[in-house]
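S.K.: this is the structure alone, sequence omitted:
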């Protein structure tokens with residue numbers, strides 16, 4: 001069993017910053033890609049950013065230059081530093097990990113439960 005537990009969401013004013021964390025635990029053999037999606041009310045879930053096992057990153061155009069993704073491989077944790085937040089960043093943020101459990105032959109994608117980020121004045 002694997003769990004992804006997110007933390008760090010909350011209410012912030014426009015222009016402010018938040019840092020999200022997502023820690024994976026359980027019978028993990030290896031984690032390849034980790035990242036974040038978000039879903040705003042009435043909208044489809046969209047990819048925010050991801051980071052590979054070797055540290056390569058990719059960002060949505062809407063957050064490029066404002067958000068920074070990083071990871072601590074020793075702790076199976078991924079972070080999302082969000083700065084210069086805008087109203088349109090309001091959403092539930094979900095972390096995910098493409099991983100392989102101990103003894104498994106194939107990787108799969110696991111998800112966190114989501115954390116609310118609200119940007120409001």
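M.R.: Now that the structure is in, tell me what you want to look at. Keep in mind that what you see is a predicted model, and the values were worked out from it rather than measured.
S.K.: CA atoms for contacts and neighbours, from now on please.
M.R.: OK.
S.K.: direction included, what does the host helix or strand of residue 93 pair up with?
M.R.: Assigned by DSSP states H and E, residue 93 belongs to strand 91-101. Within its sheet, strand 91-101 is paired with strand 28-39 (antiparallel), strand 108-111 (antiparallel), strand 115-119 (antiparallel), according to DSSP bridges.
S.K.: let me know the outermost residue of the protein.
M.R.: Distance from the centre of the chain peaks at residue 103, with 25.8 Å (Cα atoms, centre = their mean).
S.K.: please name the nearest non-neighbouring residue to that one.
M.R.: residue 29 (7.7 Å; Cα to Cα, 6 or more residues apart in numbering).
S.K.: isn't there a strand covering the residue farthest from the centre of the chain?
M.R.: No. In this structure, residue 103 is coil, not part of a strand, as judged by DSSP: H, G, I helix; E, B strand; the rest coil.
S.K.: let me know the pLDDT of it.
M.R.: On the pLDDT scale, residue 103 is placed at 91.
S.K.: now the strands paired with strand 91-101 in JSON lines, with mean neighbour count, mean pLDDT and distance to residue 12?
M.R.: Converted to JSON lines, these look like this (neighbours: other Cα atoms under 10 Å; pLDDT from 0 to 100; distance: least, Cα to Cα, whole Å):
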{"stretch": "strand 28-39", "mean neighbour count": "20", "mean pLDDT": "97", "distance to residue 12": "16"}
{"stretch": "strand 108-111", "mean neighbour count": "16", "mean pLDDT": "97", "distance to residue 12": "24"}
{"stretch": "strand 115-119", "mean neighbour count": "20", "mean pLDDT": "98", "distance to residue 12": "5"}
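S.K.: for residue 63, helix, strand, or coil?
M.R.: coil.
S.K.: so what's it closest to, chain neighbours aside?
M.R.: Residue 63 sits nearest to residue 48 (Cα to Cα, 6+ apart), 7.1 Å away.
S.K.: which residues does the helix or strand that contains the one you found contact?
M.R.: Under the criterion of DSSP H and E, residue 48 resides in strand 46-51. Residues from elsewhere that reach strand 46-51 (Cα atoms under 8 Å, 6 or more residues apart in numbering): 33-39, 57-60, 63, 69-71.
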